[in-house]
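A.B. asks: below are the sequence and a predicted model for it; my questions follow.
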Amino acid sequence: MPRSRITGNFIDKTFSIVANILLRIIPTTSGEKEAFTYYRDGMSAQSEGNYAEALQNYYEAMRLEIDPYDRSYILYNIGLIHTSNGDHTKALEYYFRALERNPFLPQAFNNMAVICHYRGEQAIRQGDSEIAEAWFDQAAEYWKQAIALTPGNYIEAQNWLKITRRFE
């Protein structure tokens with residue numbers, strides 16, 4: 001049984017009902033509808049922490065989805081799962097792929113910055129300040145891009161950029 005038919009909380013049920021109605025009234029191909037169903041099931045599994053199931057659904061959605069904009073969100077969510085699992089290299093790869101298709105994803109830039117900042121902190125703990133600065137500089141560039149897209153967001157990042165004199 002598709003995940004979308006499984007009972008869940010009120011918000012999940014409401015989302016599923018609205019999504020099903022929209023799928024019926026908006027002119028889309030059967031492939032697009034199927035891709036969206038896999039994407040929606042992936043989001044549901046991801047929200048429950050079922051990452052393996054979510055990845056299966058996202059990969060199937062990627063196989064079916066042809067729209068670059070929609071694919072960007074699938075790739076972004078795959079990146080989120082790899083971030084949650086601590087596989088930062090793979091997460092960065094998926095965030096890059098998402099941004100190739102949709103350069104207006106500030107959350108992808110932010111997540112990439114967070115990973116780079118984390119790696120900078122790891123380099124400091126290992127006593128390599130030169131490598132740390134390179135990671136921090138990269139984090140700054142990603143945060144600047146996220147902030148440029150959504151100036152009112154990422155206040156902590158803006159403060160960090162100011163404190164470290166990386167904000168222009």
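C.D. replies: That came through fine. These numbers were taken from a predicted model, which means no experiment stands behind them. Residues are numbered from 1 along each chain as shown.

A.B. asks: what number of residues lie near Gln126?
C.D. replies: Other residues near Gln126 number 10, with proximity taken as other CB atoms under 10 Å. Glycine gets a C-beta too; all of them are placed from N, C-alpha and C.

A.B. asks: how about Ser84?
C.D. replies: The local packing of Ser84 (other CB under 10 Å) involves 12 other residues.

A.B. asks: Ile115 - nearest residue in space that isn't next to it in sequence?
C.D. replies: Of all residues beyond its chain neighbours, the one nearest Ile115 is His88 (4.8 Å), with distances taken as CB to CB, 6 or more residues apart in numbering.

A.B. asks: OK, contacts around that neighbour?
C.D. replies: His82, Ile115, Tyr118, Arg119 (CB atoms under 8 Å, 6 or more residues apart in numbering).

A.B. asks: what's the ChimeraX line that selects buried ones from the residues you listed?
C.D. replies: Buried residues among the contacts of His88 (16 or more other CB atoms under 10 Å), as a ChimeraX selection:
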select :82,115,119
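
A.B. asks: out of the contacts of His88, which are inside helices?
C.D. replies: When the contacts of His88 are checked against helices using DSSP state H, the ones located there are His82, Ile115, Tyr118, Arg119.

A.B. asks: any idea how far the second one is from His82?
C.D. replies: This means Ile115. Computed with CB to CB, to the nearest Å, the distance linking Ile115 and His82 is 10 Å.

A.B. asks: shared neighbours, these two?
C.D. replies: Between them, Ile115 and His82 have His88, Ala91 as joint contacts when contacts are counted by CB under 8 Å, 6+ apart.

A.B. asks: sec struct for Gly86, please.
C.D. replies: Using DSSP: H, G, I helix; E, B strand; the rest coil, the secondary structure recorded for Gly86 is coil.

A.B. asks: report the next helix or strand after the helix or strand of the chain with the lowest mean pLDDT in sequence order.
C.D. replies: Taking mean pLDDT, DSSP states H and E as the measure, the helices and strands of the chain show their lowest mean at helix 10-25, namely a mean of 63. Counting by DSSP states H and E, the next helix or strand C-terminal to helix 10-25 is helix 30-47.

A.B. asks: so how far is that next one from its chain's centroid?
C.D. replies: Relative to its parent chain, helix 30-47 has a centroid offset of 15 Å by CA atoms, centre = their mean, to the nearest Å.

A.B. asks: got the buried residues for that helix?
C.D. replies: Residues of helix 30-47 classed as buried: 32, 34-46 (neighbour count, 16+ other CB under 10 Å).
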